[in-house]
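1. Curious how this folds, go ahead:
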Amino acid sequence: MDPPVAITDPLNHFLSVCCIILSIASQHCKPISLSGVPDAPDNVRSTYQTCVSVTLQWLRGFNGGSEQTFTITYTDIDTSDEYTESDIEDTRDAEMIWKVTNGIVPSHRYRFHVTAVNGYGHSDTVTADDIYTPGMLIVNIAFSS
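-> Numbering: from 1, shown residues only. The predicted structure is shown next:
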């Protein structure tokens, strides 16, 4: 008997898998469904912050055999205000997912959470390290005559 074979598809996660059933009289192929809730995103982190935006990056997990999107929920730790960005597309042509979140308040602390979502449900939530946005630089120029 041959050893089991690991099947991976790192970019698309859309596989057709068949279990071959052998008997003395015949051979049959029974499709196997690889479906369910998506795996959680991995390595969620901020790659860049300005005083008004944060760029997040993460690796997609297995999509559960169904198209997936992502949801970012973030909290302004200083005010306890919570915000959500939904339906972030899975850019399957790239290894990493990138998302710029605008409208951030300067000199505030934020906590970001990312969840994968498909037709079967949602993954576990992954939390990035807390982020502190830089303050705004205000330059006051005085002219004298």
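2. List the residues that contact the most centrally placed residue in the chain.
-> What sits nearest the mean C-alpha location of the chain, by Cα atoms, centre = their mean, is residue 41, with 4.6 Å. Neighbouring residues of residue 41 by Cβ atoms under 8 Å, 6 or more residues apart in numbering: 58-61, 70, 97, 114-116, 123, 126. Yep, even glycine has a C-beta here, placed from its N, CA and C like the rest.
3. Just the ones of these in strands?
-> The strands, defined by DSSP state E, take in 58-59, 70, 97, 114-116, 126 from those.
4. Please identify the helix or strand for residue 106.
-> Using DSSP states H and E, residue 106 falls within no helix or strand.
5. Next one, pLDDT for it please.
-> For residue 106, the model assigns a pLDDT of 95.
6. quick one: it from residue 133, how far?
-> 6 Å (Cβ to Cβ, to the nearest Å).
7. which stretches of the chain form strands?
-> 17-22, 27-32, 42-49, 53-59, 69-76, 81-89, 96-102, 109-118, 121-122, 126-127, 131-132.
8. Indicate which one of the ones you listed is closest to residue 143.
-> Of all those, strand 53-59 sits nearest to residue 143, with 32.1 Å by Cβ to Cβ.
9. Now do that closest one: which elements does it pack against?
-> In terms of contacts (3 or more Cβ pairs under 8 Å, 6 or more residues apart in numbering; DSSP states H and E), strand 53-59 is packed against strand 42-49, strand 69-76, strand 96-102, strand 109-118.
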